[in-house]
Structure formats: C-alpha cells, structure tokens
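Q: Could you look at this predicted model? Sequence included:
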2 protein chains.
Amino acid sequence: MTSLEKLDQLIHATLGELTPGITHEINNPLQFIAGNIHYLNEHFKKISELMEGLQQILGTNDKKASRSETTISAADMEKLKKLFSATDPDFSLTEIPLSLQECFEGINRISDITDAVRKISTGRESDDCNVNELVSACMILIQNKLKYAARVTLSLCPQNPVINCFRNQIFLVIMIILKKSLSNLLTIKKNSQHGWLGEIILSVAIEDNKVNITISDNAIVQSWHDKTNENLNLLSEMENIIEEHNGEIIMTENSDGSIYRLFFPLK
Amino acid sequence: MTSLEKLDQLIHATLGELTPGITHEINNPLQFIAGNIHYLNEHFKKISELMEGLQQILGTNDKKASRSETTISAADMEKLKKLFSATDPDFSLTEIPLSLQECFEGINRISDITDAVRKISTGRESDDCNVNELVSACMILIQNKLKYAARVTLSLCPQNPVINCFRNQIFLVIMIILKKSLSNLLTIKKNSQHGWLGEIILSVAIEDNKVNITISDNAIVQSWHDKTNENLNLLSEMENIIEEHNGEIIMTENSDGSIYRLFFPLK
C-alpha cells in the first residue's frame, strides 16, 4: 500500500468504527417518527370517516347543484355529531400538530447526521471548508460514543472561518484527538465514583489571521509520550496531515487535562 | 498492532468506505418522508380549520348540554360548506393515506439500512447468525456502490440456515469478494458500450449439511492471481477468517466470470 492508501484506510477505519453508533443515532429519531406516523394514520381514519360523512351530508362538488339545501336533517345532524366526536376533536387539534412537529424534528436530527458524513467526506481534491461546520460534523458523528463519557461544549466562531483542506484528513486529526480524550475519560470514569462525567471543550476561533481549533479535556491518564507503536503511528499521521495543510499543533498535557491547539491558514 | 487489531481495522475500513453511500441511501427516503410530512402539515391546517368550525357549529363536549340543536342555521351551513370545500376533500381522502403510506415505506427503507449495520456488527463473542439475514445485510450496505455497475440477484435459502460466527468477519469476506467483483465490473463497463450492465448473483443454500454462500459475476478481468501485495493481503485475511470458522472456499475464474463458493458448518 502507498502511504496515501494507508491514510485512506485509516480514515475509512476511523469512520467505520463510528458507523454502528451513527446508525444507532439515526434509528432513535426514526422510531420516534414511525410512532408519530402510526398515530397520524390511526387518527386520520377517524377524520376520514368524518369527511366522508360530510361529503354525503353536504354533497360533493359534483352533487352541489342538486343538493342546495341550506340546512340538514335531524338524522344527519345526529350522524355528524357522532362522527365528529369520534375524531376526539379537542385531542386531535392539539396532538396532530405536535405529532407533525415531532416528525419534523426527527427528520432534522437524521438529516444533521447524514449531512455530517457528507461534510467530512472529500473527493479527489481539497476544497474550501467552513471550519465550524467541519468541527460540528465531527461532534455529531462521535456523539454516540462521547455521550456516556463526557459533557461536550462546542464553541464556534461567529466569523465562520474557511480553510482549504482535505476534509477527511482534518476529520481524522480531530477524531484521533477525540478518541484519545475519550479513552482517557473512560479510564478515569471506570475508577471514579458513579456520576463522574468528563468534560470536552471544542472551540473554533480566529487568532493572528489563522484558524484555531482547540480541543481540551479534563483527563490526563495516558500521554502521547507513552510511545506504543499505535500511538506513534497515529501521532505521526496527525503531524503529517497538519504539515501538509501548512498547519501547526501545540499539545499541552498537565494534571488538569490535555489541550490540543491546531492552527491552519485562514482562506 | 496485533493481527486481531489489524483485522478489526480492515473490517472498520471496509465499513467506513461504505458509510457515505449508506448515509446517502438513508437520505433519499428521508427527503421523501420530509416532503410527505410537509404536505400533511399543510393539509392538516385546512382540516384543522374545518374541525374548529364544526366544534363551533356542533358544540364541543363541554357545551353539548347547552347546544342540543338538531339542525344548523343557513349561515352556519354556508360556513361549513366553505370550510369543507377548502380541505379539497376528494383529493385529501385519496392523497393523505397515500402520503402516510409513503412515509411508512420510507421509514422501512431506512430501518432496513440501520438494521443491516447492526446485523453485520459483532460484540466480543461469536454468535448464532441467520445467513440469509447476514447476506441480505451485506447487499443492502453495498447497494449504493453496486447499483450503477450491476444487476444483483439474491437467492436466499428457505430453511433459514444458521452458522456460529463473528458476523463482522463474514461481512468482511463477502465484502472483499463483492468489492473485487465490483472493481472488475466497473473496468468492463468503462470499456463497453453504453448500457452494459454487470451481473452479480448471490445465493444461500444448504449442501451436504453445510451452509453454502455462492457469489458469482459475469466479469473476469483481474484475477486474484495478479499477486499485488494488496490482493495477497486480502486473500490471506479472507482465507484466515474462513479457516477460523472451519469453513472452505472454492474459487473458479473462467472466461464467463468468477464464482466464489463459501462453505460453513451448519449450526
């Protein structure tokens, strides 16, 4: 394998490791949508009966001419009341819009996830990339793994800075750091009292005409300087990518946790 | 990396390579559902106005006692007709159930995809696995890549055979074969007249008390015997997995295409 093929494989492996969590996060709102559609379907049957009743009583468009009554019979009135009451009007006037609203929310949640995969995917060329969107996409894709280990704070940059990059490579760099944080946080969590929650802060900012992505956590367990082959390999992949993008990384590890500061040229 | 970690990385990389296609296939039915919910929402506003009108005219539950009229005024009748006609009743009685039906279909399509990821994922242990489901899941996950290159025929086994396996490893074996077929088919397609479509046949059967998975295609371009390092590596990973599962593989490559016959002990 060429080094580019190796890098591609590492990027795919990083995404593939997240995929079961990604589809799990898609499945939750999907079940939510399904429940609401089921409810709407059941409910519409009653409304449908009411509308068919009204059609008979008031006459359809076709029959309008022949049914110009200005009132309705007592029997029809009784029927209409019954059909209307069967739709549980108070409930449905409140619940149907809520149900539809919940469907929209579920669709948006799924859409955010499928968008995130698109946003971290690169074709053959590097392109201009909104760093806020890229960092948010990374967070969305790893949320299923992070949510049991850490409270995540995301602080984006109002100026929406853009860098020219291979999105999938920057995704890899952010994921290598986040996975390391996650693994450290999980180690601490295992040895801590129930209820301990880690902390990860991700921020995007502009500093001296450069885009700065900072990832910090409150866990320091295993340093990069534990030079296992695995760690060395990831560290060198990360440094290569940053160099190729004319960027810079400053890592600080102390007893409060780790801070990774990435800098890339502002487009 | 240990050989198990290498295998895991290869499995993740194989899944990760498919992930953008997987989320793309999720996004299509999602947009379809979104369009339908949007339609239902717009339509329900009209129905809602009708129901509010009816509530005023017929009286709500609370007001029932005080509104025991057995008929309605000419003005109310006119109002009711107007509100009813605004719901476009002929259209909505037909279209709303269709819209809901389309939502259900979209949900099922997405659900099939998220299920497929779950079905090819293994925890720490091997488990009993329905081979029809596993093979179907593989097809669903690669469909986005296959659909422009080949017509796929899937022939499952009515007896629903079960094997004990690491699902993710069997997924890898099937994907290595399918990716090789796909790459061969795309090479032929590129050199063929417009409209040429490859053919892949996947079948599950029971043979001599063994489960047989057969994958065949109508493309023979690059044989496994082109011993690039990449090919040799995949071939040896595949053979290791099959051996670990007490299985067997018989490959036939001739001018009509390739046939891969996998055999695993029936549980």
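A: All right, it came through fine. Numbers count the residues shown, from 1 in each chain, chains lettered A, B, ... in the order given.
Q: all helices for the stretch 101-250 of chain A, in order.
A: A:131-146, A:167-190, A:229-244 (DSSP state H, counting those that start in this stretch).
Q: Would you mind reformatting these (as CSV) and adding columns for mean neighbour count while you're at it?
A: For glycine as for every other residue, the C-beta is placed from the backbone atoms N, C-alpha and C. CSV is the format used below for these (neighbours: other C-beta atoms under 10 Å in any protein chain shown):
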stretch, mean neighbour count
helix A:131-146, 21
helix A:167-190, 21
helix A:229-244, 15
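Q: nearest to chain B, of those helices?
A: helix A:229-244 (6.3 Å; C-beta to the nearest C-beta).
Q: That closest one: how far from the chain's middle?
A: 27 Å (C-alpha atoms, centre = their mean, to the nearest Å).
Q: check which helix or strand covers whatever residue of chain A ends up closest to chain B.
A: Using C-beta to the nearest C-beta, the single residue of chain A nearest to chain B is A:G16, 2.9 Å away. Secondary structure assignment for A:G16, by DSSP states H and E: helix A:3-58.
Q: same for that helix, what does it pack against?
A: Here helix A:3-58 touches helix A:74-86, helix A:89-119, helix A:131-146, helix A:167-190, helix A:229-244, helix B:3-58, helix B:74-86, helix B:89-119, going by 3 or more C-beta pairs under 8 Å, 6 or more residues apart in numbering or on different chains; DSSP states H and E.
Q: if you set the cut-off to 7 Å instead, what comes out?
A: Using 3 or more C-beta pairs under 7 Å, 6 or more residues apart in numbering or on different chains; DSSP states H and E, the elements in contact with helix A:3-58 are helix A:74-86, helix A:89-119, helix A:131-146, helix A:167-190, helix B:3-58, helix B:74-86, helix B:89-119.
Q: Switch those helices over to a markdown table; also include mean pLDDT and distance to A:S216.
A: A markdown table is the format used below for the helices and strands packed on helix A:3-58 (pLDDT from 0 to 100; distance: least, C-beta to C-beta, whole Å):
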| stretch | mean pLDDT | distance to A:S216 |
| --- | --- | --- |
| helix A:74-86 | 89 | 59 |
| helix A:89-119 | 95 | 22 |
| helix A:131-146 | 96 | 13 |
| helix A:167-190 | 92 | 9 |
| helix B:3-58 | 94 | 27 |
| helix B:74-86 | 89 | 57 |
| helix B:89-119 | 95 | 32 |
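Q: between the ones you listed, which gets nearest to B:S216?
A: Set against B:S216 and scored by C-beta to C-beta, the helices and strands packed on helix A:3-58 come closest in helix B:3-58, at 20.7 Å.
Q: Could you pull up phi and psi at A:G257?
A: phi 140, psi -170 (degrees, to the nearest 10).
Q: which ones are touching it?
A: Applying C-beta atoms under 7 Å, 6 or more residues apart in numbering or on different chains to A:G257 gives the contacts A:216-220.
Q: What sits closest to it if chain neighbours are left out?
A: A:N218 (4.3 Å; C-beta to C-beta, 6 or more residues apart in numbering or on different chains).
Q: do A:Q159 as well
A: A:I206 (5.8 Å).
Q: A:A34 too?
A: A:A34 sits nearest to B:I107 (C-beta to C-beta, 6+ apart), 4.9 Å away.
Q: Neighbours of that neighbour, how many?
A: 19 (other C-beta atoms under 10 Å in any protein chain shown).
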